[in-house]
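> what's the 3D shape of this:
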Amino acid sequence: MNAEAPVAGPPARTLIAGVGNIFLGDDGFGVEVVRRLGEHPMRDGVEVVDIGVRGVHLAYQMLDGYHTVLLVDASARGGEPGTVYLLDATAPAGAPSRDTALDGHHMTPDTVLALLDTLSAGTDGRRPQRVLVVGCEPADVAEGIGLSEPVAAAVDEAVGLVLRLVGAAEPAPAAAGPHTSDERNTTPC
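Sure thing, here's the model as predicted:
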């Protein structure tokens with residue numbers, strides 16, 4: 001009897017989405033991180049996109065058969081500016097409030113996640129099995145282009161974290177800078 005080894009399926013699809021508004025200082029963090037990720041080769045099945053402020057587009061794209069979605073965004077959590085966070089946002093966020101008007105250009109990742117179940121009902125799409133947020137504590141989100149010094153220094157750290165999460169080759173370590181705060185699940189995608 002000749003038993004064949006089981007054939008592995010294709011790698012799970014992963015979406016890395018940079019979220020934010022480059023015209024609001026540190027809110028452009030996610031966009032800058034995915035721009036830098038574009039300089040690195042990714043394994044098959046990993047897609048890197050600059051979503052910017054297109055929240056509704058992101059919600060629909062997240063329902064397109066991805067196993068894992070990594071959202072990269074500025075994330076004010078009360079820490080020191082430039083602190084990089086890894087947050088597990090897999091659990092449904094609940095339905096958006098009926099009193100809240102949805103503005104496609106001003107949707108936070110929480111609002112996008114809250115829409116997934118509603119949108120999937122009408123599209124036959126399915127939620128990703130895992131949603132992680134790589135966030136950075138902003139220093140300044142006032143009008144203006146460009147990241148503050150501590151947030152700009154955190155970009156390399158965030159790029160390295162994302163590369164580790166998706167199993168891609170990491171860049172050389174940068175000089176000492178901001179620290180990472182892992183909140184919840186940090187296992188690879």
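
> for residue 49, give the beta-bridge partners.
When bridges are taken as DSSP bridges, the partners of residue 49 come out as residue 17.

> burial count for it?
By other C-beta atoms under 10 Å, 17 other residues sit near residue 49. Where C-beta positions appear, they are placed from N, C-alpha and C, glycine not excepted.

> what's the answer for residue 41, then?
Counted with other C-beta under 10 Å, the neighbours of residue 41 add up to 7.

> can you give me the pLDDT of it?
For residue 41, the pLDDT comes out at 92.

> surely it and residue 168 touch.
Yes. In this structure, residue 41 is within contact of residue 168 by C-beta atoms under 8 Å, at 6.8 Å.

> buried ones in the helix ranked longest in the chain, by neighbour count?
What stands out as the longest helix in the chain, according to DSSP state H, is helix 149-166. Across helix 149-166, burial judged by 16 or more other C-beta atoms under 10 Å covers 150-163, 165-166.

> report the rounded mean pLDDT for it.
96.

> tell me which strands and helices that helix is in contact with?
strand 14-19, helix 29-37, strand 68-74, strand 84-88, strand 130-136 (3 or more C-beta pairs under 8 Å, 6 or more residues apart in numbering; DSSP states H and E).

> and these as JSON lines, adding distance to residue 145 and mean neighbour count?
JSON lines is the format used below for these (distance: least, C-beta to C-beta, whole Å; neighbours: other C-beta atoms under 10 Å):
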{"stretch": "strand 14-19", "distance to residue 145": "16", "mean neighbour count": "26"}
{"stretch": "helix 29-37", "distance to residue 145": "11", "mean neighbour count": "24"}
{"stretch": "strand 68-74", "distance to residue 145": "14", "mean neighbour count": "26"}
{"stretch": "strand 84-88", "distance to residue 145": "22", "mean neighbour count": "20"}
{"stretch": "strand 130-136", "distance to residue 145": "17", "mean neighbour count": "25"}
